[in-house]
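Enquirer: Sequence unavailable; structure follows:
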């Protein structure tokens with residue numbers, strides 16, 4: 001199941017148990033792992049491109 005689906009569900013206010021019930025292919029630890037992955041991506045540093053001299 002795509003991480004984006006789990007993050008969308010969490011953003012819509014679904015609880016972990018609701019997500020697990022709706023999508024039986026994932027368990028609570030999978031939901032937490034998807035949330036952690038999303039949080040890590042949000043912390044990624046952006047490096048600005050340098051312009052040519």
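Expert: Nice, I can see it. These numbers come from a predicted model, not from an experiment.

Enquirer: just the helices in the chain please.
Expert: Per DSSP state H, the chain carries helices over the ranges 3-11, 16-22, 28-43.

Enquirer: Check which residues of the first one are buried.
Expert: Neighbour-count burial for helix 3-11, counted by 16 or more other C-beta atoms under 10 Å, picks out 6, 7, 9, 10. In short, each C-beta sits where N, CA and C put it, glycine included.

Enquirer: Can you tell me which of these is nearest residue 39?
Expert: Proximity of the buried residues of helix 3-11 to residue 39, judged by C-beta to C-beta, is greatest for residue 7, which lies at 9.7 Å.

Enquirer: that older thread, would you single out the least confident of the helices of the chain?
Expert: Of all those, the minimum mean pLDDT falls on helix 28-43 (a mean of 92).

Enquirer: Next, the angle helix 3-11 makes with that one.
Expert: 100 degrees (axes from the mean of the first three to the mean of the last three C-alpha atoms, to 10 degrees).

Enquirer: got the buried residues for helix 28-43?
Expert: Neighbour counts using 16+ other C-beta under 10 Å place 30, 31, 34, 38 of helix 28-43 among the buried residues.

Enquirer: I'd like the distance from stretch 3-11 to the chain centre, please.
Expert: Distance of stretch 3-11 from the chain centroid (C-alpha atoms, centre = their mean, to the nearest Å) equals 6 Å.

Enquirer: picking up where we left off before, and which of the buried residues of helix 3-11 is nearest to residue 25?
Expert: residue 6 (11.1 Å).

Enquirer: May I have the residues that are in contact with the closest residue in space to residue 35 that isn't next to it in sequence?
Expert: Residue nearest to residue 35 in three dimensions, not counting chain neighbours: residue 10, with 6.2 Å by C-beta to C-beta, 6 or more residues apart in numbering. Taking C-beta atoms under 8 Å, 6 or more residues apart in numbering as the criterion, residue 10 is in contact with 19, 31, 35.

Enquirer: Understood, closing this out.
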